[in-house]
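Asker: Got a sequence here, can you build the structure:
(one chain, ligands or ions: 1)
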Amino acid sequence: MSQGGPRTSNESHHKLNGKPLIDNHIGNTFSRKQKIAQHRKSLPIASVEKRLVDEVRNNDTLIVVGETGSGKTTQLPQFLFNSGFCRDGKIIGITQPRRVAAVTVAKRVAEECGVELGQRVGYSIRFEDRTCSSTRIKYMTDGLLLREALVDPYLSRYSVIIVDEAHERTVHTDVLLGLLKKVQKARSKSFSVCLGVETKKPNNATLLNKDNDVFLKQCQGRKFPPLKLIIMSASLDARGFSEYFGGGRAVHVQGRQFPVDIFYTHHAEPDYLDAALITILQVHLEEGPGDILVFLTGQEEIESVERLIKERLQLLPEGSRKLLTVPIFSALPSEKQMRVFTPAPAGFRKVILATNIAETSVTIPGIKFVIDPGFVKARSYDPVKGMESLIIVPTSKAQALQRSGRAGREGPGKCFRLYPESEFEKLEDSTKPEIKRCNLSNVILQLKALGFDDILGFDFMEKPSRASIVKSLEQLFLLGALTDECKLSDPVGRQMAQLPLDPVYSRALILASQFNCLEEMLITVAMLSVESIFYAPREKLEEARTAMKCFSSPEGDHVTLVNVYRASNELLEKRVMGLTKEKNEKILSKWCKENFVNSRSLRHARDVHSQIRGNVEQMGLRVASCGDDMLQFRRCLAASFFLNAALKQPEGTYRALASGQVVQVHPSSVLFRSKPECIVFNELVQTNHKYVRNITRIDYLWLSELAPQYYCAQN
Ligand SMILES: Nc1ncnc2c1ncn2[C@@H]1O[C@H](COP(=O)(O)OP(=O)(O)OP(=O)(O)O)[C@@H](O)[C@H]1O
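Answerer: Below is the predicted model:
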């Protein structure tokens with residue numbers, strides 16, 4: 001409180017000899033604590049605390065459905081903790097499909113419990129662990145829990161696992177559900193074995209496909225209490241989940257905290273980006289206070305809307321320009337993602353431009369308005385051709401509901417859906433499970449590493465097609481991860497499963513250590529893990545092209561990416577002496593701007609690089625550089641990406657050798673004009689044409705030499 005400003009009644013009551021009885025800081029904390037306690041009591045879930053705890057006690061599997069914002073994610077774990085579910089040092093684990101949700105919800109719950117984050121309440125996401133031995137409520141991504149199962153197959157540290165936002169049906173959620181079902185069965189068996197109820201060796205079929213003796217040994221002298229499983233969401237087909245879990249009980253939490261008014265357009269919008277831009281400005285100019293959250297499909301759209309907003313603001317009178325744009329998408333480093341949670345400066349309205357990363361679980365304080373154009377970028381997979389691509393598709397009703405649910409968390413809200421109501425009725429109820437529309441190599445590799453050999457027989461909630469399982473097994477075999485008997489190979493398959501990357505990239509890193517170019521491959525994999533390194537604004541297209549030429553290599557995009565990375569390294573090495581981190585950051589940003597390099601993407605790639613470098617060093621791979629011998633590096637690329645090789649056709653298009661598809665070189669590729677005879681590529685983008693991106697020129701003859709398992713067998 002500023003001096004001379006109005007006094008709150010609290011201030012004037014609690015003074016003794018001119019000194020505040022409670023100093024300001026403590027006073028604030030005290031009132032914040034009270035506010036939080038009050039807020040918790042007002043949540044719809046608070047009135048059913050006892051009932052929910054009883055349901056968990058009485059049922060091994062529970063399905064909890066409740067409106068967005070009713071308090072499921074933040075409150076249920078606390079109820080269970082307070083009711084003794086963490087006795088004996090056990091943990092309550094809550095999985096989220098997204099990192100940002102795991103982090104922010106953990107922060108909030110730690111605050112609600114009045115404990116330091118990372119102590120009783122913590123989170124664990126890929127490359128970041130904020131837990132300790134006393135953590136009892138642990139938020140994490142579903143992918144991370146799967147990785148934990150690699151070292152602790154019975155998830156023995158957990159008494160309860162809550163699979164949150166299960167409606168999203170990410171591939172990790174689906175695999176996790178299958179795994180948890182097995183673990184639950186195995187643990188209830190182990191409990192009865194330990195209690196002497198069952199003396200016989202447990203039946204193979206009910207346990208993990210691991211050696212049962214190992215399982216029994218683990219049980220001896222230890223008892224695994226039964227695992228409690230809770231499946232949770234606001235928009236869930238409870239019956240489907242209940243059936244999968246053999247009649248799991250479903251409970252519905254009634255009531256929502258604040259109303260959200262939904263508005264639709266009269267007509268379909270021909271250009272949803274333009275419609276989003278107009279709506280943002282309309283809300284900014286016409287509505288009362290409150291921040292705006294806009295859902296777009298990816299980094300490129302976000303950056304283009306960000307630029308357009310800035311341009312349009314310049315046309316407004318000065319007093320109306322106080323609109324701050326903040327982007328959030330998955331390729332953004334975590335600390336940058338967290339910026340959306342910082343309040344806007346006084347007098348400013350914040351507009352958050354987000355992908356579906358902000359769709360579920362998160363509460364962004366201040367959001368009153370949601371703008372939903374109704375589209376999402378989704379994975380799509382063609383098992384016959386073995387090709388995965390990203391396409392922009394309409395959201396499902398469940399997604400639209402989640403999006404509108406991001407408003408109305410602190411007070412009444414409004415959601416503007418940029419399509420007519422009649423279109424909403426036509427949307428699918430829920431999103432098609434990702435497991436049915438993605439390449440399964442990664443999942444299969446993990447399941448194999450967990451000890452599940454019979455993938456076709458695995459109890460998935462919804463089975464992926466036989467064709468896609470077989471195709472992915474075939475790919476893993478060709479990459480050397482599986483033996484002739486379809487078992488995980490040692491060491492290659494095991495090493496690949498340890499790396500948190502797509503199997504093709506894991507294999508590329510392992511091969512690169514043999515080709516003496518692991519340094520270059522680490523850079524390549526890091527640069528390919530982020531969205532577009534180069535950016536070319538429409539108004540400066542020529543300038544951007546000239547700048548890109550400094551890095552472009554006639555060998556292709558991979559070498560070009562290595563050149564950009566090396567140039568940024570040189571810059572930092574030259575400047576780093578004696579300069580602060582901030583100064584270096586500034587230098588890097590300036591350099592990026594001059595060279596039309598996307599500084600966000602480059603920084604993210606630098607982070608990923610150092611993380612995976614740590615992984616490969618831990619595995620004992622030799623990190624060497626091939627220096628300027630790019631021939632060696634290109635041969636390694638051919639050996640790694642042979643499944644994505646393509647040959648030029650007489651009319652200038654390419655034929656992908658594995659799938660037979662006719663594809664074109666994407667205009668953003670440095671090989672767009674030169675069009676070499678034979679290429680390998682990393683990505684297929686489907687717009688009006690089928691484009692391939694991230695391409696390197698190779699020699700056709702290398703294919704049979706470096707990938708004889710595929711190219712010699714074919715001929
Ligand atoms: N980080 C936060 N800052 C401020 N308030 C928060 C925060 N996280 C949660 N809340 C408050 O707690 C309420 C309950 O949030 P919670 O995430 O538990 O709901 P939920 O039922 O799990 O919702 P959803 O289905 O959308 O994930 C929110 O509506 C909001 O009012």
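
Asker: how close does the closest residue to the ligand within the stretch 151-300 of the chain sit to His252?
Answerer: For the stretch 151-300 of the chain and the ligand, the shortest gap (Cβ to the nearest ligand atom) falls at Ala234, measuring 4.0 Å. All C-beta atoms are positioned from the backbone trio N, CA, C, and that covers glycine. Look at Ala234 and His252: by Cβ to Cβ, to the nearest Å, they are 11 Å apart.

Asker: shared neighbours of these two, which are they?
Answerer: Counting by Cβ atoms under 8 Å, 6 or more residues apart in numbering, the shared contacts of Ala234 and His252 are Val65, Gly66.

Asker: higher neighbour count, the two?
Answerer: Counted by other Cβ atoms under 10 Å, Ala234 and His252 do not tie: Ala234 has more neighbours, with 23 against 12.

Asker: Contact partners for the closest residue to the more buried one other than its chain neighbours?
Answerer: Once flanking residues are discounted, Ala234 sits nearest to Thr68: 4.5 Å by Cβ to Cβ, 6 or more residues apart in numbering. By Cβ under 8 Å, 6+ apart, the residues touching Thr68 are Ala234, Arg256, Leu401, Gln402, Ser404, Gly405, Arg406, Gly408, Arg409.

Asker: want to throw the residues you listed into a markdown table with secondary structure and pLDDT?
Answerer: Shown next, in a markdown table, are these (DSSP: H, G, I helix; E, B strand; the rest coil; pLDDT from 0 to 100):
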| residue | secondary structure | pLDDT |
| --- | --- | --- |
| Ala234 | coil | 84 |
| Arg256 | coil | 73 |
| Leu401 | helix | 92 |
| Gln402 | helix | 91 |
| Ser404 | helix | 94 |
| Gly405 | coil | 90 |
| Arg406 | coil | 93 |
| Gly408 | coil | 83 |
| Arg409 | coil | 87 |
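
Asker: Of those residues, which pair is most distant in space?
Answerer: Using Cβ to Cβ, the two most remote members of the contacts of Thr68 are Leu401 and Arg409, lying 13.9 Å apart.

Asker: How about the stretch 51-200 of the chain, which of its residues are in the neighbourhood of the ligand?
Answerer: Proximity of the stretch 51-200 of the chain to the ligand (Cβ under 6 Å from any ligand atom) is limited to residues Gly66, Thr68, Gly69, Ser70, Gly71, Lys72, Thr73, Thr74, Gln75, Thr104, Arg108.

Asker: ok, now with 8 Å
Answerer: Counting by Cβ under 8 Å from any ligand atom, the stretch 51-200 of the chain comes close to the ligand at 66-76, 101, 104-105, 107-108, 111, 164-165.

Asker: can you check the stretch 201-350 of the chain too?
Answerer: Proximity of the stretch 201-350 of the chain to the ligand (Cβ under 8 Å from any ligand atom) is limited to residues Met232, Ser233, Ala234, Val253, Gln257, Phe258, Phe341.

Asker: Quick check on those: which are buried?
Answerer: Neighbour counting with 16 or more other Cβ atoms under 10 Å marks Met232, Ser233, Ala234, Val253, Gln257, Phe341 as buried within these.

Asker: For Ser320, state which of those residues is nearest.
Answerer: Phe341 (25.3 Å).

Asker: and the closest one, what is it in contact with?
Answerer: Contacts of Phe341 (Cβ under 8 Å, 6+ apart): Thr104, Ile364, Pro365.

Asker: Quick one, which of those residues are buried?
Answerer: For the contacts of Phe341, buried by 16+ other Cβ under 10 Å: Thr104, Ile364.

Asker: Can you give me the pLDDT of the residue sitting nearest the centre point of the chain?
Answerer: Centroid check for the chain by Cα atoms, centre = their mean gives Arg98 as the closest residue, at 4.5 Å. Note on Arg98: pLDDT of 89.

Asker: That one is in contact with Thr141, isn't it?
Answerer: Yes: here Arg98 reaches Thr141: they are 6.9 Å apart, a contact under Cβ atoms under 8 Å.

Asker: list the buried ones in stretch 398-414?
Answerer: 398-410, 413-414.

Asker: typo on my end, stretch 50-62
Answerer: For stretch 50-62, by 16+ other Cβ under 10 Å, it's Leu52, Val53, Glu55, Val56, Asn59, Asp60, Thr61, Leu62.
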